[in-house]
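[1] structure for the following, please:
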Amino acid sequence: MIGEDLAIAQSLPGDVAHPPHGDAGTGELHRTLDWKGAFWASSGVPAGVLLTVGGIAATIGQPSWVVWIVSIMMGFVQSFVYAEIAGLYPHKSGGASVYGAAAWLPYSKFVAPVSVWANWLAWSPVLTLATSLGAGYIMAVLFAPTAAINHWQITLMDLGLVRPGLTLRINAVSLIATAFLLLTFVMQHHGAARAAYIQKILGAACLAPLILVGLIPLITGDLPSDRLFPLLPMVHAAGAVHFGTWNAYGLTLLMGAMFGAGWSTYGFETAVCYTREFGNPARDTPRAIIASGILCILIFSLVPLAFQASLGLERMLAPDIYDGSGVAQALASIVVKGIGAAATSRTGIIVANVFIAMLILSLLLIVMTSMMGSSRTLYQASVDGWLPKYLSRVNAHGAPTAAMWTDLGFNLILLLASDYFAVLMISNVCYLAFNFLNLQAGWIHRIDRPERERPFRCPTWLLALGCTFGFINMVFMGAGAEVWGAGTLRNGLIALLLIVPVFAFRHYVQDKGVFPRSLVDDYALDGNGRMVRKAGVLPWVTLAACAAVIAGAHALARL
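    Prediction:
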């Protein structure tokens, strides 16, 4: 029983085997950050719109701009739940998944680490996706589509069993993206405060083009209504495209679009990853996530609207829009048109190239955000006894370098994949699983730990709405994951289960079945040193309902 494990851990003398914040002699994360630093550290999240805006537009058609607005508003509501549970553990790093795992631990030592693992599997591939897209922008500017370098590659392995056509290969894009990854790693080596300062410089320069793209059509009035309405799904039939209806097929496409958008729009919850590094966690945690949410509402609402109004339905179907490689040129054309320059003029070409360069920097911004957040998730998961011990090592600057090296190595492998969108959507299955567990963690914490101080208390109606959104997101996943390719849901669930052997190795081999002392001190709340389980069977009923919703939505989907 988990309670017995806790009693054993509490009886251990001292805390030599499991120090609370990293291995002995390696130091801790430093409290050098305020909410503004965390805001800038998470300011790369809006650049996520560049990764998925094309694919969603090419999938659902003209309703895509509404999808983005609804999705970011859902994400904003959910963030208030995350802000509350983060305040319960001001001494922990790693983000919402760590605080959510704390709620599930009394009920199952195997469910709890799924939250942390799913969050990391969702965020870490951003390093691959953003650097590869930035590399693709560079290739598009420097070389014509027919240039030999665009077709050069060395195939290493066929992964057709995972997804048809998927291979591991080396090409020019993967090499440039590797250089971007190494640059980002170096910039974060000196800890969160310095990385956040670099983020602030990059953010001020790189978020400007996204805001500009969103505002120009509003200022100029260039929002043709026939490119925004009617709000009907796009249907491919007999080699042609036309407007469909909201039948089972149309609703399945909508679920797929909402599924894809959530990967980008919900991501600003990374602002709570730095609670352990805040000088004043009680004040800084809610401020950081709310400020980040407001920025994301602005960009995720305006940029897709401008993008769709500029392209129109026919252009949205182009392959380079779906895979993202043509998104930079499309956004640049909005700015060029807004200043009244011709696309082929000298002025138009210069403006477009400068704009694309700024977009590349904004992609580096989201890479830094992802590496900072995902490495701290690995770090705290190691400290709490979920993942191998070596991940809890930090350097003299308070940077979790062991976790950062792990992130780097994992993504160097992912960069060899031939289909980055397949990687993205598999990781999104993990992300929405994390999202569900953590939104339910809000009410579990309320029941089990009502007496614990809450620097920020989410209004009860918002907590209930967040819980409901967790189930709605499971509908999106069950019905919509396969829109992005057969086997996406299956592969994502398999990726989730990989935590079982990893956790078993840490808990039963490295820790001999005993949780770290730091974890025990957090969760053993009754007089006998056992975990409180006031919620009874409700968490298990919730998990059963989750499985039923996913299965039901998947069965009703029509493609």
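[2] use CA for all of it now, contacts and neighbours both
    Fine.
[3] ok, residue 282 to residue 458 distance?
    From residue 282 across to residue 458, the span is 14 Å (Cα to Cα, to the nearest Å).
[4] same check on residue 178?
    The value you get for residue 178 to residue 458, if Cα to Cα is used, is 41 Å.
[5] and residue 98, by the same measure?
    Counting by Cα to Cα, the gap from residue 98 to residue 458 is 18 Å.
[6] tell me which of the two has more neighbours.
    More neighbours surround residue 98 than the other of residue 98 and residue 458, with 28 against 20 (other Cα atoms under 10 Å).
[7] tell me the SS of that one?
    The three-state label given to residue 98 by DSSP: H, G, I helix; E, B strand; the rest coil is helix.
[8] contacts only, for it.
    92, 115, 116, 377, 380, 381 (Cα atoms under 8 Å, 6 or more residues apart in numbering).
[9] buried sites along the longest helix seen in the chain?
    If you go by DSSP state H, the chain has its longest helix at helix 346-383. Burial within helix 346-383, assessed by neighbour count using 16 or more other Cα atoms under 10 Å, is assigned to 348-349, 351-353, 355-383.
[10] ok, stretch 98-106 next?
    98, 99, 100, 101, 102, 103, 104, 105, 106.
[11] returning to that earlier point: now the two most distant members of the contacts of residue 98.
    Greatest spatial distance in the contacts of residue 98: 92 and 115, 15.2 Å, computed using Cα to Cα.
[12] can you give me the mean pLDDT across the following helix or strand past the longest helix of the chain?
    Next along the chain after helix 346-383, taking DSSP states H and E as the criterion, comes helix 401-414. Computed over helix 401-414, the mean pLDDT rounds to 89.
[13] who are the packing partners of helix 401-414?
    Under the contact criterion of 3 or more Cα pairs under 8 Å, 6 or more residues apart in numbering; DSSP states H and E, helix 401-414 touches helix 126-142, helix 172-187, helix 346-383.
[14] right, and the ones you listed - which one's nearest residue 421?
    Judged by Cα to Cα, the one of the helices and strands packed on helix 401-414 that comes nearest to residue 421 is helix 126-142, at 8.1 Å.
[15] picking up where we left off before, relative to helix 172-187, how tilted is the longest helix of the chain?
    If you take axes from the mean of the first three to the mean of the last three Cα atoms, to 10 degrees, helix 346-383 sits at 60 degrees to helix 172-187.
[16] adjust the sequence numbering to begin at 33 for everything that follows.
    All right, first residue 33 from here; so that's helix 378-415.
[17] quick check: angle from helix 378-415 to helix 158-174?
    Using the same axes, to 10 degrees: helix 378-415 against helix 158-174 is 160 degrees.
[18] tell me what helix 378-415 is packed against?
    helix 67-73, helix 128-136, helix 144-155, helix 158-174, helix 204-219, helix 224-252, helix 359-370, helix 433-446.
[19] now render the ones you listed as TSV, adding distance to residue 453.
    What follows is the helices and strands packed on helix 378-415, written out as TSV (distance: least, Cα to Cα, whole Å):
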stretch	distance to residue 453
helix 67-73	25
helix 128-136	24
helix 144-155	13
helix 158-174	8
helix 204-219	15
helix 224-252	22
helix 359-370	14
helix 433-446	11
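[20] so for residue 497, which of those sits nearest?
    Nearest of those (Cα to Cα): helix 128-136, 16.9 Å.
[21] pick the most buried one from the helices and strands packed on helix 378-415.
    helix 128-136 (a mean of 28; mean count of other Cα atoms under 10 Å).
[22] and the pLDDT at residue 576?
    98.
[23] buried residues, the strand or helix carrying it. List them.
    Using DSSP H and E, residue 576 sits in helix 570-588. Within helix 570-588, the residues scored as buried using 16+ other Cα under 10 Å are 571, 578, 581, 582, 583, 585, 586.
[24] next, the contact list for residue 366, please.
    Counting by Cα under 8 Å, 6+ apart, residue 366 has contacts 245, 248, 249, 338, 339, 342.
[25] not counting its neighbours along the chain, what's nearest the second one?
    Using Cα to Cα, 6 or more residues apart in numbering and skipping the chain neighbours, the partner closest in space to residue 248 is residue 370 (6.2 Å).
[26] gap between that neighbour and residue 585?
    As for residue 370, its distance to residue 585 is 43 Å (criterion: Cα to Cα).
[27] same check, this time on residue 140
    Separation of residue 140 from residue 585 (Cα to Cα) stands at 26 Å.
[28] how about residue 212?
    Distance, residue 212 to residue 585, using Cα to Cα: 39 Å.
[29] part of a helix, is residue 484?
    No. Using three-state DSSP, the assignment for residue 484 is coil, not a helix.
[30] surely it is in contact with residue 120?
    Yes. The criterion here is Cα atoms under 8 Å, and residue 484 meets it with residue 120 at 7.0 Å.
[31] give me the more crowded residue out of those two.
    Each of residue 484 and residue 120 has its neighbours counted (other Cα under 10 Å); residue 120 has more, 22 against 12.
[32] so what's the more buried one up against?
    Contacts of residue 120 (Cα under 8 Å, 6+ apart): 131, 484, 485, 486, 487.
[33] where does the third one fall, phi/psi-wise?
    The one in question is residue 485. phi -60, psi 140 (degrees, to the nearest 10).
[34] residues near it, how many?
    12.
[35] for it, give its distance to residue 118.
    Taken as Cα to Cα, the span from residue 485 to residue 118 is 11 Å.
[36] mind exporting stretch 195-213 as CSV, just the C-alpha atoms?
    C-alpha atoms of stretch 195-213 as CSV (Å, rounded to 0.1, in the frame of the first residue of the first chain):
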residue,chain,number,x,y,z
ARG,A,195,3.0,5.4,-39.4
PRO,A,196,3.0,4.8,-43.2
GLY,A,197,5.8,6.6,-44.9
LEU,A,198,7.6,7.6,-41.6
THR,A,199,11.4,7.2,-41.7
LEU,A,200,14.5,8.4,-39.8
ARG,A,201,16.7,10.5,-42.1
ILE,A,202,19.3,13.2,-42.2
ASN,A,203,18.7,16.2,-44.5
ALA,A,204,19.6,19.9,-44.7
VAL,A,205,16.6,20.9,-42.5
SER,A,206,17.6,18.5,-39.7
LEU,A,207,21.2,19.8,-39.7
ILE,A,208,20.2,23.5,-39.5
ALA,A,209,17.7,22.6,-36.8
THR,A,210,20.4,20.8,-34.8
ALA,A,211,22.5,24.0,-34.8
PHE,A,212,19.4,25.9,-33.5
LEU,A,213,19.0,23.4,-30.7
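[37] let me know the pLDDT of the closest residue to residue 257 other than its chain neighbours.
    With Cα to Cα, 6+ apart as the criterion, residue 257 has its nearest non-adjacent residue at 7.9 Å, and that residue is residue 341. Note on residue 341: pLDDT of 88.
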